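Peer 1: Curious how this folds, go ahead:
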Amino acid sequence: MATLTQELLDFVGMESPAIEAPEPVEAGAVRRYAQAIMDEDPIFAPGSDTAPFGAPVAPPLFPTHMFRRPFGTPDPLTEHAGDPDFDAAVGSSIRGLPELPIRGKTRLNGGSEVEFFRYARHGERVRMKSRYADMTQRESGKGPMVLVVVETDYLAPSDELLMRVRSTAIYR
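Peer 2: Numbers count the residues shown, from 1 in each chain. As a prediction, this is how the structure comes out:
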């Protein structure tokens, strides 16, 4: 099973460069997102009374969905189609972090914590920056498992923090 090695521990503290979303916060995307989450609060609509925010805003978790593959860039699933060990997990690479040298282990979602600071405004260009925050090993009924915590900051153009997401992946 997975074990925590010094090679893995050396990744803790490693940061990605800031990555900008391919498009700014856009009214049409905000509308579709608000409809999908069934929260059509007027503060999300252009032209609404947005006095407390200075501009129409996006729902709190909207920035996490802004980082899609831009047109003309390689599809990671197609790139790895011939790799029998590829498990379709591209989580670290889309955050700009190097992949961990953990092959052949099952990766499970260990959950996420979100700390919210402010709404993203329509027209803003959002950036994200990630880091390997922590790694620990625990014993389970099926043997050792490694817990990897990635912390991702979502930033406004002024470097103001919009939200921080701490995601845990479990390798066993």
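Peer 1: Past the longest helix along the chain, which element shows up next along the chain?
Peer 2: Looking across the chain with DSSP state H, the single longest helix is helix 27-36. Where DSSP states H and E defines the elements, the next helix or strand beyond helix 27-36 is helix 76-79.
Peer 1: Mind giving me the packing neighbours of that next one?
Peer 2: For helix 76-79, there is no helix or strand it packs on, judged by 3 or more C-beta pairs under 8 Å, 6 or more residues apart in numbering; DSSP states H and E. (C-beta placed from N, C-alpha, C; glycine too.)
Peer 1: mind checking pLDDT for D75?
Peer 2: Reading off the confidence values, D75 has pLDDT 82.
Peer 1: Pull the contacting residues for the closest residue to it other than its chain neighbours.
Peer 2: Nearest residue to D75, sequence neighbours excluded (C-beta to C-beta, 6 or more residues apart in numbering): R69, at 6.8 Å. R69 is in contact with P22, D75, P76, counting by C-beta atoms under 8 Å, 6 or more residues apart in numbering.
Peer 1: got a winner among those residues for most neighbours?
Peer 2: P76 (15 neighbours; other C-beta atoms under 10 Å).
Peer 1: Quick check: D41 touching A34?
Peer 2: Yes. Applying C-beta atoms under 8 Å, one finds D41 in contact with A34, separated by 7.2 Å.
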